[in-house]
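Enquirer: The following comprises the amino acid sequence and a computationally predicted model.
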Amino acid sequence: MSSQYAEPLERLEACLDELLGIAAVFRTTTEKQDLLLRAARARTRLQALETAVLTVADDVADKAGARSPAAWLAEATRDAHGRLRDQARLGTALETRWHKLAKAFGKGEVNLAQVRVIDKALTDLPQAVGEDLLTKAET
């Protein structure tokens, strides 16, 4: 892989290999707590990255002859197409409308399930709600 992503992804995978090589049974309670919390945050941040890329990956689908990036990724990873389609739709909302929410997601401050609920709540607000109130609600 030759891209800006290649080297950071290789480091990430090497770090995961290192962490997976540490026997959890021999870790202290504090170490386990720290690992569980930090792993959850890292997972959320990876989901934010995946969502952002999935949103703009039409070229990937075109190259593969797939009907959408979600369809391509579902086939390539044996994941649920509907879940990935929803994630791509959410990514579009984050990219085009909910910038503060997208930033919080990328920092791991809100998880994917929370982002989905917040997106739905904001989207379901009545049209009569002004932009000022909508901005406050997103914040």
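Expert: Thanks, I have the structure now. Numbering: from 1, shown residues only.
Enquirer: before we move on, which element is residue 39 in?
Expert: helix 29-55 (DSSP states H and E).
Enquirer: got the buried residues for that helix?
Expert: By 16 or more other C-beta atoms under 10 Å, the buried positions in helix 29-55 come out as 44-45, 47-48, 50-52, 54-55. Yep, even glycine has a C-beta here, placed from its N, CA and C like the rest.
Enquirer: cool, and stretch 3-22?
Expert: Buried residues in stretch 3-22, defined by neighbour count with 16+ other C-beta under 10 Å: none.
Enquirer: and whatever helix or strand residue 7 lives in with helix 29-55, angle?
Expert: Taking DSSP H and E as the criterion, residue 7 maps to helix 6-20. Interaxial angle, helix 6-20 versus helix 29-55 (axes from the mean of the first three to the mean of the last three C-alpha atoms, to 10 degrees): 150 degrees.
Enquirer: Identify, from the buried residues of helix 29-55, the entry nearest to residue 9.
Expert: For these, the residue nearest residue 9 by C-beta to C-beta is residue 50; the value is 11.9 Å.
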